[in-house]
Each structure stands twice: as C-alpha cells, then as structure tokens.
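In: pasting a predicted model and its sequence here:
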Amino acid sequence: MDNPAAHALASWAVSLPLGIAYSGGADSTALLHAAAARWPGQVQALHVHHGLQSAADDFERHCAATCGALNVPLHTGRVDARHGSGESPEDAARRARYAALASLASGQGVRDVLLAQHADDQVETMLIALGRGAGLDGLAAMPPEMMRHGIRFHRPLLDVPAVQLRSWLVAGGVPFIEDPSNSDERYTRNRIRHRVLPAIAEALPQFRDTFARSARNAARASALLADLAKIDLANVGVPPSISALQALSRERCANALRHWLRTAHRAVPSEAQLQQLLAQVDACRTRGHSIRLKVADGFVEREGAELRWYNVAP
Ligand SMILES: Nc1ncnc2c1ncn2[C@@H]1O[C@H](COP(=O)(O)OP(=O)(O)OP(=O)(O)O)[C@@H](O)[C@H]1O
C-alpha cells in the first residue's frame, strides 16, 4: 500500500528547504514520511509545543523519536495560547500556532511550510462555517495555499480522505499520537467528525468531492467580490465618501463597506450591524445627519462627508 500523502506531493510545487508542520498526529505523520521520502535532506520538521496541555511534553518526545528515525531535523517552538475576548480557545490556539510555525520556519531559512489538513477537515470546516451563518468567505473553507507572517503555507492533502492516511499508517505499523482531545465532544469539530460525517457519508457517498467543489466555487466567488470591492473602494475612497456609497446598489455598498472594515480595520460587522449601517448611509442626506454605530469592537461615525471607524477598546 502506498502512502496517499506521497501521491498528493508528487506534483506539488514548493521551494526547498521545506518545513512540515508536525504535531505527531496521524495526518502530519503521514505527511512527514511522504515529504522526507520525496525531498531527502531538504525537510525540517516544525513542532509547536502547546504549553497548556499536560501531555505536550510526551508529544514532543514522540516527535523527536520519529524525526530521529527519519533523519529529519526537528525544531520546537512554545506557545502560550491565551484567548482574547470574542475569540474561542481553539481559534486562539490556531492563531498562535501559525505565528509559532512561521517563526520556526524563518529561523531555519524555510519559506514554504506544509500543513496536513485533509478532505475530512475541509468538510468539517465548511460545516462549522455553515453553523455560524458564514458568508462565501467562510464557505470557501481552507485554501490550498496562503501567505501568513511572510511564510507560504500549503495544504497538499485537502483531497485525501482521512481514512486513507490512517489506513496507511496502521498497515505499516507507523507510530503516531492519538490526541485524546480529538474525541472530546464538547468541541463542535469533534461532534461533526464523529456524528455528522458518518451520516452524510451514508446519504451522500461522494460528499468529500462535492463539498470540495462547493468550497472552490465559494472561494472563486469570494475572490470576485473582493475584486469588486477594490474597484468600488477606489472610486468611493478610503475612508469612504458617503455620497459615493449612496451611488452604489445596496449589495455593492454592503460589499464595499465589509471589505473596507475588514482590510483597513480588521473589523467584521455582524449582519445586523451591517444592515443598520446601510440604512444610515442611505438616510444620510442632510448636513446635520449624524451616524454613530457599533461595529465589531469599535464604532463607525460620520465625519463630514466621510465615514470613519474608531476602535474604542477600554
Ligand atoms: N502542535 C503542532 N505542531 C506543529 N504543527 C501542528 C500542530 N498542531 C497542528 N499542526 C499542523 O496543523 C494541521 C492542522 O491542525 P489540526 O489540529 O487539525 O491537526 P491534528 O489534529 O494535530 O492533526 P495531525 O493528525 O495532522 O497531526 C496539522 O495537520 C499539522 O500539520
């Protein structure tokens, strides 16, 4: 039986030397083996030690043993993922992990890092996005490539079903860590993995492929909306002119405002906030009309002929 990760890497373009985000879990273990075979002597394993978990020291020891056997250098970074307000512990841990991986990679002169998310992870991510009422951006789920902190992160396994990776590991007796938190059903992702995916698989056997196609379609449409927002903001200005916003259709105005808030201020309005803002922009036809609306963790205000966003964090 061939490593399905090796098949995925066969035509994947990366720059060398290459980093592998290696947790010690099943998926990144299969990925590490495939990468070490495909690019001998060019692979660096990057491991993030999550100081919060008591088992983290054991995970690191396991990773060191595997890397020793594969003759792959292992670099470990520590994170203390305290979550800020409005951020879930999982989101905080993920954000801290990417920053740590990027810093480990830069330290080794590595510009490209592979992550091991697979087709099941992609479907779970889409379902989580649906559960949150996400827009196209969220339904696009995880991109196969992205730049973060100056590092190019790749996800070459997005078309590979989880069961194929695990079967290869088990068939070859390849050791990997079974993270106990993966079976904790207090986490939405785990509930989806253990209860929802088996039911979907029964009703829609092709779901991994078709969901992936939907994610790609959403990503394309989302990119077009971002292009349109850039065109509109070039006319409307940044900060945006109220009269120029009024010349746009309601949906185009919403798209431009969402893009402005996100790119200029990292502020993501709720649906209700955006609807209020649109109504205020539309109603703002007199000199004396004032606008002041809560948006994300700040406010949008009218200042003369323009809108401004202020962050009034305590
Ligand atoms: N502690 C870590 N150190 C380095 N990379 C990690 C770590 N945790 C996760 N990653 C990387 O991020 C990807 C997605 O994270 P996720 O939490 O879904 O992985 P995981 O459950 O640990 O899976 P895996 O079986 O791949 O190790 C992993 O496939 C791996 O490439």
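Out: Received the coordinates, thanks.

In: domains for the chain, by residue range?
Out: Structurally, the chain divides into domains by automatic domain parsing as follows: 4-209, 237-311.

In: can you redo those as CSV with mean pLDDT, distance to residue 222 and mean neighbour count?
Out: Backbone N, C-alpha and C define where each C-beta goes, glycine included. Shown next, in CSV, are the domains of the chain (pLDDT from 0 to 100; distance: least, CB to CB, whole Å; neighbours: other CB atoms under 10 Å):
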stretch, mean pLDDT, distance to residue 222, mean neighbour count
domain 4-209, 94, 4, 17
domain 237-311, 96, 11, 16
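
In: give me the beta-bridge partners of the residue of the stretch 1-150 of the chain found nearest the ligand?
Out: Minimum separation of the stretch 1-150 of the chain from the ligand (CB to the nearest ligand atom) falls at residue 25, amounting to 2.4 Å. Bridge pairing for residue 25 (DSSP bridges) gives the partners residue 177.

In: how about the residues of the stretch 1-150 of the chain near the ligand?
Out: By CB under 6 Å from any ligand atom, the residues of the stretch 1-150 of the chain that approach the ligand are 21-23, 25-28, 46-48, 50, 97, 115-117, 121.

In: nearest to residue 169, of those?
Out: Comparing these against residue 169 with CB to CB places residue 26 closest, at 5.8 Å.

In: how near is the closest one to residue 121?
Out: With the distance defined as CB to CB, to the nearest Å, residue 26 ends up 12 Å from residue 121.

In: what is in contact with the two at once?
Out: Listed as contacting both residue 26 and residue 121 by CB atoms under 8 Å, 6 or more residues apart in numbering are residue 162.

In: quick revisit: show me what contacts the residue of the stretch 1-150 of the chain closest to the ligand?
Out: Contacts of residue 25 (CB under 8 Å, 6+ apart): 116, 176, 177, 178, 179, 182.

In: list the helices and strands the longest helix along the chain packs on?
Out: The longest helix of the chain (DSSP state H) is helix 207-236. In terms of contacts (3 or more CB pairs under 8 Å, 6 or more residues apart in numbering; DSSP states H and E), helix 207-236 is packed against helix 119-131, helix 136-139, helix 242-246, helix 250-265.

In: same thing but at 6 Å, please
Out: helix 119-131, helix 136-139, helix 250-265 (3 or more CB pairs under 6 Å, 6 or more residues apart in numbering; DSSP states H and E).

In: from the contacts of residue 25, which two are the most distant?
Out: 116 and 178 (15.0 Å).

In: this structure: helices as residue ranges?
Out: Ranges of helices in the chain, per DSSP H, are 4-9, 26-38, 56-70, 89-107, 119-131, 136-139, 162-172, 188-191, 197-203, 207-236, 242-246, 250-265, 271-283.

In: tell me which of those lies nearest to residue 156.
Out: Once the helices of the chain are compared by CB to CB, helix 4-9 is nearest, at 4.7 Å.
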